[in-house]
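Participant: sequence-free structure coming up:
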């Protein structure tokens, strides 16, 4: 009898390892795809560069050669920062999109659902209107503060009343805060030309023209948010069984959702503060990641993060080509891609429970 049990155990072990092996290979494939997109980001632009020229721009000494000096300036000052920011912001928004869908159990949830984008936009407009700030590093901090305040407000409102802690209550509170802040943003922007100009460019969602100082600050918050997200994934798996079941399994629901909201705020807030609001990205990649991995958030969140980095980087590259020699902001390209993706999900009835 024991021999039969041992044989069955040995037969089931390879079957159990197979999905894990496929997921690990999938992660490796996404990392390779992200690396290829990063190389293309350095090569493609208003002025196309060969890989050899990019190499010279990265490691060569231009000396007095005017051409090499120009190439070095393009690569090191323009293309490397925007490539890094696209990767950092894409990973952050992708992971945040998966998290928010998991916590709200809403397959059409996006990072804007918690008032993240609206809070950041209102804070930026207010900073420019009240203090006349024009440096991205300056109003980035206000954007992040606005994101955090909006997240806390949504979480606080959803914790009140009879529906406290319910995912539907969280969604409704998020929509209420978003509409209010969006109205206030428009009211302030229309009363001040400088605020309107800053908001008009910032709202497009661009990874262009941001320095290493802004990227460094955003990356710190993204790293902290990713750590919290990874820690939170087992809790999301249990919460998706239902609050009663999760509570019966010993899950502290309030603490789990608090960590989740904090992770979303850090990830989406840092990305939004650095490059402006980018719609649909988290929604798209979370669905693709769920199709690739299944509902296990321990795998879904890393897949969604890497997919977010790839998609945002590819959209930024496409934006440099479609209206060449001018450029189309990455946020606009993502929206142009995300709107039909969203419509296709509705038409095909492919929304799956998060």
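Facilitator: Sure, I can see it. Note that the structure is predicted; figures quoted are calculated from it, not measured.

Participant: In the helix or strand where residue 300 lies, which residues are buried?
Facilitator: Using DSSP states H and E, residue 300 maps to helix 297-322. Buried residues in helix 297-322, defined by neighbour count with 16 or more other C-beta atoms under 10 Å: 297, 299-320. To be clear about C-beta, it is placed using only N, CA and C from the backbone, and glycine gets the same treatment.

Participant: Could you list the low-pLDDT ranges of this structure?
Facilitator: Scanning the chain with the threshold set as pLDDT under 70 gives 1-17, 161-167, 346, 348-354.

Participant: which residue is nearest the middle of this structure?
Facilitator: residue 93 (0.6 Å; C-alpha atoms, centre = their mean).

Participant: Helix, strand or coil: sort out the closest residue to residue 76 other than its chain neighbours for me.
Facilitator: In space, and not counting its chain neighbours, residue 76 is closest to residue 57: 6.4 Å by C-beta to C-beta, 6 or more residues apart in numbering. Using DSSP: H, G, I helix; E, B strand; the rest coil, the structure places residue 57 in helix.

Participant: so how far is residue 99 from residue 196?
Facilitator: Residue 196 sits at a distance of 33 Å from residue 99 (criterion: C-beta to C-beta, to the nearest Å).

Participant: Have a look at these two and say which one is more surrounded.
Facilitator: The neighbour comparison of residue 196 against residue 99 (other C-beta atoms under 10 Å) goes to residue 99, with 33 against 17.

Participant: Now the more buried one, what are its backbone angles?
Facilitator: Here is the backbone geometry of residue 99 (degrees, to the nearest 10): phi -60, psi -50.

Participant: Could you shift the numbering so residue one becomes 111, and keep it that way?
Facilitator: Taking 111 as the first residue, the last one we looked at is residue 209.

Participant: hang on, it packs against residue 412?
Facilitator: No. In this structure, residue 209 is not within contact of residue 412 by C-beta atoms under 8 Å, at 11.7 Å.

Participant: name the helices or strands packed onto the helix or strand hosting residue 328?
Facilitator: Per DSSP H and E, residue 328 falls inside helix 322-349. Helices and strands touching helix 322-349, by 3 or more C-beta pairs under 8 Å, 6 or more residues apart in numbering; DSSP states H and E, are helix 190-214, helix 246-268, helix 353-358, helix 363-385, helix 407-432.
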